[in-house]
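# What shape does this take:
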Amino acid sequence: MGGGLIQNAVWVAVLCLASAAAWQALLRMSPIHPLSVHLLPRPPAEGVYAPNLRLNNAEKIGSGLIPGGEDLAVDREGKSFFTGCNDGWIKRVWVDQPGAERVENWTFVGGRPLGLALGPGDELIVCAGDRGLLNVTRDEVEVLCTEAGGLPFKTVDGVDVTKEGVVYFTELTYKYSPKDILLGVFEYLPHGRLLKYDPSSKTATVLLTDLYFPNAVALSKKEDFFIYCETLIFRCRKYWLEGEKAGKVETFIENLPGFPDNVILDDDGIYWIGLLGERNMYWDLAAKYASLRHLLLRISRFINLDPFLFPTAGVVGVREDGEAIAYYSDPKRSFITSGLKMGGRLYFVSLHENSIGRSPANFPDQ
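From the prediction side, this is the model:
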């Protein structure tokens, strides 16, 4: 009997050592070097953030013709949207005639067009990942810049343009290009930058560093500040351009219920923030335990983890004072990157859909 106990103890020790060796091998082979991140407690799912189905039966505009729309820019007349798709095309989607919406292949830029904004001459300024910052018209694609601060761009993402043509934009990470962006997500380190492009000098400069996946840039109506988001820590911040606070950063809204992506300012002064998915206990655990992210990255090669890590996408509306006033969501959707309320209807795009969605009713904002 004593011999059997000893034998069992030996086997347990062998299994423990083998497991430890396998885990150490996994860590050595892992391409990321994550650290633990301490997040604020999740906001309660009540009030404005109460669960809802406002996007459940959204109409599909241009079904099959808008693969993975990433951002939305509205033309001067409010008759159409521009959006960058995963097939390399900038699509123009006309919504001025109810029931007769149409999709135009506007300009092919190649690669993966991400954030875009209408410039002062009705050109589009486009962030195209590792291709850099582009000036796009109906007939031409011009590369404006491909580096800043001595570092070539990896994933430039969010953008807005002043009336004078000055461009403010973000770089999600200076370490990973779009094809490897999941590595940056699981690494969860502040490798992002906030940038400025001056058309007079034709150069880009660095405004801020050490940001957690900075997404979006949305100028205020007066262009005295802009909003940018840090996706991985669920907050949006305000960067002042004018006045005594010029160059300073303040909190706009933090502890959002989901991962903020693009931000668009509407004619009523409401900032609409696309939420890739809601926070949940799976992501909170992954943020807290860095070693868990090594394992999740390995598993993600074989299993789609999006339903677990990024469920229930939506769009939240926020006033200029930082108060959330509306939340549109759908537990069956994920990776909604942009949204905008126009004409009483909420329009949105998702990386996982092939159309522009439009809310089924003129819901009053909360």
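# So which bits of stretch 258-269 are buried?
By 16 or more other CB atoms under 10 Å, the buried positions in stretch 258-269 come out as 258-265. (Glycine included, C-beta is placed from N, CA and C.)
# quick one: average pLDDT of the strand or helix carrying Gly184?
Following DSSP states H and E, one finds Gly184 within helix 181-187. Here helix 181-187 scores 93 as its mean pLDDT.
# cool, stretch 327-346 as well?
Mean predicted confidence for stretch 327-346 is 93.
# among the buried residues of stretch 258-269, which are in strands?
Members of the buried residues of stretch 258-269 lying in strands (criterion: DSSP state E): 258-265.
# Would you format those as TSV with pLDDT included?
Converted to TSV, these look like this (pLDDT from 0 to 100):
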residue	pLDDT
Gly258	97
Phe259	97
Pro260	98
Asp261	97
Asn262	98
Val263	98
Ile264	98
Leu265	97
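# residues in contact with the spatially most central residue of the chain?
The residue lying closest to the centre of the chain (CA atoms, centre = their mean) is Asp261, at 2.8 Å. By CB atoms under 8 Å, 6 or more residues apart in numbering, the contact set of Asp261 is 215-216, 229, 231, 273-276, 336-338.
# for the helix holding Gly184, packing partners?
helix 290-299 (3 or more CB pairs under 8 Å, 6 or more residues apart in numbering; DSSP states H and E).
# Tell me which other helices or strands the helix it packs on touches.
helix 2-29, helix 181-187, helix 281-288.
# And the contacts of the last one?
In this structure, residues lying in contact with helix 281-288 by CB under 8 Å, 6+ apart are 36-39, 42, 186, 188, 292-293, 296, 308-309.
# Please point out which parts of it sit buried.
Taking 16+ other CB under 10 Å as the criterion, helix 281-288 shows 282-283, 286-287 as buried.
# which one of those is nearest Glu147?
Ala287 (30.8 Å; CB to CB).
# Show me which of the ones in strands among the buried residues of stretch 258-269 is closest to Glu46.
Gly258 (15.1 Å).
# Which of the helices or strands spans the nearest residue to the closest one once chain neighbours are set aside?
Leaving aside its sequence neighbours, Gly258 sits nearest to Leu275 (CB to CB, 6 or more residues apart in numbering; 3.4 Å). Per DSSP H and E: Leu275 is located in strand 271-278.
# just the angle between that strand and strand 258-265, please?
160 degrees (axes from the mean of the first three to the mean of the last three CA atoms, to 10 degrees).
# just to revisit the earlier point, among the contacts of helix 281-288, show me the least confident.
Among those, Phe308 has the weakest pLDDT, 81.
# Let me know the distance separating it from Gly277.
10 Å (CB to CB, to the nearest Å).
# Ok, Lys341 next?
20 Å.
# Lys196 too?
Lys196 is 30 Å from Gly277, by CB to CB.
# Show me which of those two is the more surrounded one.
Gly277 (24 against 16; other CB atoms under 10 Å).
# what sits against the more buried one?
Counting by CB under 8 Å, 6+ apart, Gly277 has contacts 258-259, 306, 309-313, 334-335.
# make it 10 Å
257-259, 261, 283, 306-314, 329, 333-336 (CB atoms under 10 Å, 6 or more residues apart in numbering).
# try Thr312
45, 51-52, 55, 257-258, 275, 277-280, 329-334, 336.
# can you rerun that using 7 Å?
If you count contacts by CB atoms under 7 Å, 6 or more residues apart in numbering, Thr312 has them with 277-278, 329, 331.
# what about Pro98, how many residues close to it?
Neighbours of Pro98 (other CB under 10 Å): 8.
# secondary structure class for it?
coil (DSSP: H, G, I helix; E, B strand; the rest coil).
# Cys85 against Asp71, yeah?
No. Cys85 is beyond contact range of Asp71, at 10.4 Å (criterion: CB atoms under 7 Å).
# Which one of these two is surrounded by more residues?
Asp71 (28 against 21).
# Would you mind measuring from the more buried one to Phe82?
Taking CB to CB, one finds Asp71 at 8 Å from Phe82.
# before we move on, what about Ser350?
Where Phe82 is concerned, Ser350 sits at a distance of 16 Å (CB to CB).
# for Leu133, same thing?
16 Å.
# Run through this structure and note the low-pLDDT ranges.
The model of the chain has pLDDT under 70 over residues 1-29, 361-366.
# Now Tyr176: closest residue in space, sequence neighbours ignored.
That would be Gly184: by CB to CB, 6+ apart, it lies 4.3 Å from Tyr176.
# close enough to count as contact, that neighbour and Lys175?
Yes. Checked against CB under 7 Å, the pair Gly184 and Lys175 is within contact range at 6.4 Å.
# Neighbour count for these two, which is higher?
Just comparing Gly184 and Lys175: by other CB under 10 Å the higher neighbour count belongs to Gly184, 23 against 17.
# Might you report the residue contacts of that one?
172-173, 175-176, 191.
# What about those residues, which one has the most neighbours?
Leu172 (29 neighbours).
# distance of it from Leu182?
12 Å.
# And for Lys248?
33 Å.
# Not counting sequence-adjacent ones, nearest residue to Ser36?
Ala290 (5.0 Å).
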